[in-house]
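Participant: Just the structure for this:
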Amino acid sequence: MWLRGLMAPVMVAALALAAYWIEGMTAALTVVAVSALAIIVWNLLQLDALTRWASGPIEVPVPEGRGAWALAYGALYHRVRLRSARQRDLRLALDRFVSGAKALPEGVVVLDANDRIEWVNPRAKAHLGLDLKHDRGAPIVNLVRHPAFVHYLAAGDFSEPVVIQSTREGALTLSLQIVPFGVEEKLLMSRDITRLEAVARVRRDFIANVSHELKTPLTVLSGFIETLTDVEMDERQRQRCLALMREQANGMQRLVEDLLTLSALESEQSPVNESEFAIVPLLLAVSSDAKALSGGRHEITLTIRDAATLLGSREELASAFGNLVSNAVRYTPEGGRIALEWRITGDGGEFTVADSGIGIASEHLPRLTERFYRVDRSRSRATGGTGLGLAIVKHVLIRHQGELIIDSEAGKGSRFTVRLPLDRVRFVADDATAHSARPDRASADTNASEPRSTTS
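Facilitator: This is a model prediction of the structure:
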């Protein structure tokens, strides 16, 4: 490059020397002046071309030059192209980062050193109601005004998240955590923990309910043990105490058995042990158990309109049907009627339990299949229910793609209908497809479950 740069001065010097020998000093100086002016004009033209090229789009080709200018143009063009490629790579990386941040299930808010909003992703907009178009540059505490968050941000201890309640998209429970980065900049991360909180609340309620259900019989047992130990009594009194203790122990055993059953049904790792079995023997067994439980105090009828086989777990469906029937026995006063009916419809199989019992007020229906939910705790405990029967029914039907429909009105009895899908029901042509058991008198109380609800 230096050699090319010296070519013009060398040529001017040679011309000036030739003019000096031919015409003298004046001619030599004239040659030098004219040549210098020409070189200056040439360089100015090249500089103008360089300026116009540098200020134009990167796609414009490099100007054509001569000598040193050609080398300079080439070096500059290479540098510009290299920088452009790096900028393009950075832009693509930034676009990928932004796309990834937008796709995050957690909310992300970028805050500057003054805790002003620089960027938010869509999930943060949903969680916190932020809008980048309108909220860019606004202090975060002006838009997220929950006292717990304001105190959390001011305290500066971000080792643990803070939990707040948000009204966006309904009643949300949000976990917010600040992550410092850069020079006093921060990331505000938001996570929807509504379902986790609900699960934790259910777990707490479950533990509290189990503790409460066990506390009463254990207290009774403890009292009787002290009585038997410290008080003199005759054999009749002693047998009465032992009978009451046995009743409390049986209640705890039923509770534990129902808990184990419900746990197995709720487990996703517990597959349905399916087989094809006849429905008529199962219904006759359920009816027989109901009569034994009633002990002649109710009028119980069984109507089988269509013989069929079912595809599913016989044990689980027998448990579900049995819980519904035993509930009817428990909550129907003496002398009441309980009608059991099986039939096949265009949608599948239906098993109905209708009673003339105490009925259920409409406000209780949505919660009836919750664990330990009781319409009347004192009445349920008096009948020996565990509070888990309808929860068991719900999970059995979920595992069999069925649903439980409940119609009930306080003081007018209840009607529970189990619907099983058509692909689990096989019609059986038989002369006895319309079997109706004659009314029978039966008796009350043994274990079962309690109130009713609708589930699918």
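Participant: for the record, mean pLDDT for the helix or strand hosting residue 260?
Facilitator: Applying DSSP states H and E as the criterion places residue 260 in helix 235-266. Averaged over helix 235-266, pLDDT sits at 80.
Participant: Stretch 111-125 too?
Facilitator: 91.
Participant: now the strands: where do they sit in the chain?
Facilitator: Taking DSSP state E to define them, one finds strands in the chain at 107-111, 117-120, 162-166, 172-181, 185-192, 275-278, 295-304, 308-312, 337-345, 348-355, 403-408, 414-421, 425-427, 435-443.
Participant: Can I get those strands in CSV including distance to residue 126?
Facilitator: All C-beta atoms are positioned from the backbone trio N, CA, C, and that covers glycine. Formatted as CSV, the strands of the chain follow (distance: least, C-beta to C-beta, whole Å):
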stretch, distance to residue 126
strand 107-111, 7
strand 117-120, 10
strand 162-166, 10
strand 172-181, 9
strand 185-192, 9
strand 275-278, 47
strand 295-304, 53
strand 308-312, 41
strand 337-345, 43
strand 348-355, 40
strand 403-408, 32
strand 414-421, 36
strand 425-427, 44
strand 435-443, 57
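Participant: could the ones you listed be laid out in a markdown table, adding distance to residue 92 and mean neighbour count?
Facilitator: What follows is the strands of the chain, written out as a markdown table (distance: least, C-beta to C-beta, whole Å; neighbours: other C-beta atoms under 10 Å):
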| stretch | distance to residue 92 | mean neighbour count |
| --- | --- | --- |
| strand 107-111 | 20 | 22 |
| strand 117-120 | 18 | 20 |
| strand 162-166 | 35 | 17 |
| strand 172-181 | 22 | 17 |
| strand 185-192 | 22 | 20 |
| strand 275-278 | 59 | 14 |
| strand 295-304 | 71 | 20 |
| strand 308-312 | 55 | 19 |
| strand 337-345 | 60 | 19 |
| strand 348-355 | 56 | 22 |
| strand 403-408 | 52 | 19 |
| strand 414-421 | 51 | 21 |
| strand 425-427 | 58 | 17 |
| strand 435-443 | 75 | 14 |
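Participant: Spit out the contact partners of the closest residue in space to residue 424 that isn't next to it in sequence.
Facilitator: Spatial nearest neighbour of residue 424, excluding adjacent residues (C-beta to C-beta, 6 or more residues apart in numbering): residue 311 at 4.6 Å. Contact analysis of residue 311 by C-beta atoms under 8 Å, 6 or more residues apart in numbering lists 274-276, 423-426.
Participant: between the residues you listed, which is nearest residue 373?
Facilitator: Nearest to residue 373 among the contacts of residue 311 is residue 424, at 27.9 Å by C-beta to C-beta.
Participant: wait, what's in contact with the closest one?
Facilitator: Residues in contact with residue 424 (C-beta under 8 Å, 6+ apart) are 310-312, 348-349, 400-402.
Participant: and of these, the nearest to residue 82?
Facilitator: residue 401 (63.6 Å).
Participant: May I have the beta-bridge partners of the closest residue to the closest one other than its chain neighbours?
Facilitator: Among residues not flanking residue 401 along the chain, residue 421 sits closest, at 5.1 Å (C-beta to C-beta, 6+ apart). Counting by DSSP bridges, residue 421 is bridged to residue 348.
Participant: just to revisit the earlier point, how about the contacts of residue 311, which pair is most distant?
Facilitator: Distance extremes for the contacts of residue 311: the farthest pair is 275 and 423 at 15.0 Å, using C-beta to C-beta.
Participant: Kindly provide the distance from residue 112 to residue 182.
Facilitator: 9 Å (C-beta to C-beta, to the nearest Å).
Participant: ok, those two, which is more surrounded?
Facilitator: A direct count of neighbours by other C-beta atoms under 10 Å for residue 112 and residue 182 places residue 112 higher, at 15 against 10.
Participant: give me every residue that touches the more buried one.
Facilitator: Neighbour list for residue 112: 118, 185 [criterion: C-beta under 8 Å, 6+ apart].
Participant: Just give me the neighbour total for residue 220.
Facilitator: 16.
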